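J.: below is the sequence, then the predicted model.
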Amino acid sequence: MTLLAVRTLVRLLNTIEPTQDLKDATGVAYDSRSVRRGDIFFALPGASGHGMVYADAALERGAAFIVSDRPHRQGLLVDDARAALLALGRAARDRLSVPVVAVTGSVGKTSTKAMLAAAMRARSTAGNLNTHYAIAQTLIDAAMADTSAPDGATALVIELGIDRIGEMAELLELTRPDHALLTTISPSHLSALGDLAGVAREKTLLLDRTNGVTVASAQAAAYLNPETLARTVVVAVGDGVTPEPYPGALGSVRGAAAAHGTATRLTWRSDDDGGTVDLPWPGSGMAQNALSALTLATLTGTPVQEAAAGLVSAQLEPGRLAFSDLPGVTLLDDSYNSNPTSLREAIAVLRASPPPHVAFLGDMRELGALERDAHLQAGELTTQLDLTVAVGPASAALLETNPQAVHEPDARAALRHLGAVPVGATVLVKGSRSMGMELLATELKRLAALGAWQPDDDAPKEGAAC
């Protein structure tokens, strides 16, 4: 009997037999817009309403039935729909026959997750969906694939994202990882986590409670307790490739990244191996993520050449330090998110790119008491750029350390500065998710396609009219 058989669910969710015949399900969804035929739709209570208002729409899309804390003629009634979905996720974890690999960190976890899944030929969480319910859905999908139609995946790679104290422990109880990877520890979500020490306590808990292979960047390894460090392999991308032992660590892998246009050549050396791989992504940060993923993949049994070939095929999510060679201008789109660490890396990639150099930088959110200092430092980083446009209320501080910058209250207002972008420029667009900086990236692409940066003096400069 499958995990999503009605009789199994009645027992697992501690509910009563339905009065109407319900078909066994093949998957789950908690957003009516993403319902697939055969899914159970979990109608959850939310901050602005209850999912039950979308129940009939979910059924019309092909949902098998409803699970909720409110009754429905074609559903199972439970005391707590949220708890029911997580309980089902835990039950799915029990049924998995492949190892679970978890990835967390303040910067780079979504990209590293994609690289690792590609290197291991593994299933993974979709996009950047790293919350409790998304992870439960991923576990359930993987368990159903394991039992009903095995897809050949060698592992399940899960991204763990947190923004409050205690959340990592909850995610670990749900996922129980066999192996783990920690990217970085840096200021993020400080409004809830308090300070950098709070970030470190939450993030390092993943490695503390994982008994299999654990991998951490050298930057993150500095926050590990000695016991965890002693069973962790530490990875660093720096100036050389000599695998100097990291004090107290199980092992070390060291790499060097060399720019090749918009790509990167990564050369590495571990305690007993080494190699070179050409990465389709720019910068030492992406090289660090790639080498960490490659290290974990090989330590868990994937042959190094197979892992490297899979790694470079990874499809990263949009807005993650991605180059677009447009007519007359180059876009460096890092608009998905921003914090001090990722901003420093993005500016380094921009400076290494063909000039002129332009940056549209939105606020870095959720930095708590560090917010002002972080934006002052952003000004210092941008003083030698040809044009810097600071976007958002917090970014006004950037002008104090970079008086040549200009400021706008939001991304829409900043559109008018696209007309000042020089022909041939490399343009970085970056900001915290809530700033909506992708608006600028989209408009830049549109204007480039219309010929706004054609070198011909007669070409239309539509950017000036934004």
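T.: Thanks, I have the structure now.
J.: could I get the CA-only coordinates of the worst-scoring helix or strand of the chain on mean pLDDT as PDB?
T.: Lowest by mean pLDDT, DSSP states H and E among the helices and strands of the chain is helix 190-193, with a mean of 76. Provided in PDB are the C-alpha atoms of helix 190-193 (Å, rounded to 0.1, in the frame of the first residue of the first chain):
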ATOM      1  CA  LEU A 190      19.600  39.300  11.700                       C
ATOM      2  CA  SER A 191      16.200  40.800  12.600                       C
ATOM      3  CA  ALA A 192      15.300  37.300  13.900                       C
ATOM      4  CA  LEU A 193      18.600  35.600  14.400                       C
END
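J.: what residues of the very next helix or strand once past it count as buried?
T.: As assigned by DSSP states H and E, the chain's next helix or strand after helix 190-193 is helix 196-208. Neighbour-count burial for helix 196-208, counted by 16 or more other Cβ atoms under 10 Å, picks out 196, 198-207. Heads up, the C-betas are built off the backbone N, CA and C, glycines and all.
J.: got the residues you listed as CSV, with distance to Pro226 and pLDDT columns?
T.: Below are the buried residues of helix 196-208 laid out as CSV (distance: Cβ to Cβ, whole Å; pLDDT from 0 to 100):
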residue, distance to Pro226, pLDDT
Leu196, 20, 86
Gly198, 20, 89
Val199, 20, 89
Ala200, 15, 90
Arg201, 16, 93
Glu202, 19, 92
Lys203, 17, 95
Thr204, 12, 96
Leu205, 16, 97
Leu206, 17, 98
Leu207, 12, 98
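J.: so which of the residues you listed is the closest to Arg164?
T.: Closest approach between those and Arg164, by Cβ to Cβ: Glu202, at 8.5 Å.
J.: give me the pLDDT for Glu438.
T.: At Glu438, the predicted lDDT confidence score is 97.
J.: residues in contact with it?
T.: Taking Cβ atoms under 8 Å, 6 or more residues apart in numbering, we find Glu438 in contact with 318-319, 333, 335-336, 429.
J.: reformat those residues as a markdown table; add neighbour count and secondary structure.
T.: Output for the contacts of Glu438, formatted as a markdown table (neighbours: other Cβ atoms under 10 Å; DSSP: H, G, I helix; E, B strand; the rest coil):
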| residue | neighbour count | secondary structure |
| --- | --- | --- |
| Pro318 | 12 | coil |
| Gly319 | 19 | coil |
| Asp333 | 23 | strand |
| Ser335 | 29 | coil |
| Tyr336 | 21 | coil |
| Val429 | 28 | strand |
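J.: export those residues to JSON lines and tack on pLDDT and distance to Leu174?
T.: Putting the contacts of Glu438 into JSON lines (pLDDT from 0 to 100; distance: Cβ to Cβ, whole Å) gives the following:
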{"residue": "Pro318", "pLDDT": "89", "distance to Leu174": "27"}
{"residue": "Gly319", "pLDDT": "92", "distance to Leu174": "27"}
{"residue": "Asp333", "pLDDT": "97", "distance to Leu174": "33"}
{"residue": "Ser335", "pLDDT": "95", "distance to Leu174": "30"}
{"residue": "Tyr336", "pLDDT": "91", "distance to Leu174": "25"}
{"residue": "Val429", "pLDDT": "98", "distance to Leu174": "35"}
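J.: got phi/psi on the closest residue to Gly431 other than its chain neighbours?
T.: Leaving aside its chain neighbours, Gly431 sits nearest to Gly362 (2.1 Å; criterion: Cβ to Cβ, 6 or more residues apart in numbering). Phi and psi for Gly362, reported as degrees, to the nearest 10, are phi -90, psi 170.
J.: which element is Leu447 on?
T.: Leu447 belongs to helix 438-449, assigned by DSSP H and E.
J.: run the chain-centre distance for that helix.
T.: Centroid displacement of helix 438-449 relative to its chain, using Cα atoms, centre = their mean, to the nearest Å, is 23 Å.
J.: check which residues of that helix are buried.
T.: For helix 438-449, burial by neighbour count (16+ other Cβ under 10 Å) applies to 438-441, 443-445, 447-448.
J.: and stretch 428-438, by the same measure?
T.: Across stretch 428-438, burial judged by 16+ other Cβ under 10 Å covers 428-433, 435-438.
J.: now swap in stretch 206-220 and tell me
T.: By 16+ other Cβ under 10 Å, the buried positions in stretch 206-220 come out as 206-207, 209-210, 213-220.
J.: what of stretch 420-428?
T.: For stretch 420-428, a neighbour-count test (16+ other Cβ under 10 Å) marks 421, 425-428 as buried.
J.: element containing the residue nearest the centre of the chain?
T.: For the chain, Thr110 is the residue whose C-alpha lies nearest the centre (Cα atoms, centre = their mean; 2.4 Å). Assigned by DSSP H and E, Thr110 belongs to helix 109-120.
J.: what is the orientation angle of that helix with helix 196-208?
T.: With axes from the mean of the first three to the mean of the last three Cα atoms, to 10 degrees applied, the angle from helix 109-120 to helix 196-208 works out at 20 degrees.
J.: ok, back up a step: name the nearest of the buried residues of stretch 428-438 relative to Gln20.
T.: For the buried residues of stretch 428-438, the residue nearest Gln20 by Cβ to Cβ is Arg433; the value is 42.0 Å.
J.: what about the residue nearest to that closest one when sequence neighbours are not counted, how many neighbours?
T.: Nearest non-adjacent residue to Arg433, counting by Cβ to Cβ, 6+ apart: Asn337, 5.1 Å away. Asn337 has 23 neighbours, counted by other Cβ atoms under 10 Å.
J.: wait, Asn337 sits on Met435?
T.: No. Counting by Cβ atoms under 8 Å, Asn337 does not reach Met435; the two are 9.3 Å apart.
J.: would you map the strands across the stretch 151-300 of the chain?
T.: Taking DSSP state E, counting those that start in this stretch, the strands of the stretch 151-300 of the chain run over residues 156-159, 179-182, 214-217, 232-238, 251-260, 263-270, 274-279.
J.: any idea which of those strands gets closest to Leu381?
T.: If you check each of the strands of the stretch 151-300 of the chain against Leu381 by Cβ to Cβ, strand 251-260 wins as the nearest, at 18.5 Å.
J.: what helices or strands is that closest one leaning on?
T.: Packed against strand 251-260 by the contact rule (3 or more Cβ pairs under 8 Å, 6 or more residues apart in numbering; DSSP states H and E) you find strand 232-238, strand 263-270, helix 283-299.
J.: so how far is Leu321 from Leu370?
T.: Taking Cβ to Cβ, to the nearest Å as the criterion, Leu370 is separated from Leu321 by 23 Å.
J.: now swap in Thr228 and tell me
T.: Separation of Thr228 from Leu321 (Cβ to Cβ) stands at 29 Å.
J.: got a pLDDT number for Pro442?
T.: Residue 442: Thr, not Pro. What the model reports for Thr442 is a pLDDT of 97.
J.: same question for Asp456.
T.: Value listed for Asp456 in the pLDDT field: 61.
J.: now Gly255. Nearest residue, chain neighbours left out?
T.: Trp268 (3.6 Å).
J.: one more: Val391?
T.: Residue nearest to Val391 in three dimensions, not counting chain neighbours: Gly362, with 4.4 Å by Cβ to Cβ, 6+ apart.
J.: so how far is Pro409 from the one you found?
T.: Distance from Gly362 to Pro409, by Cβ to Cβ: 11 Å.
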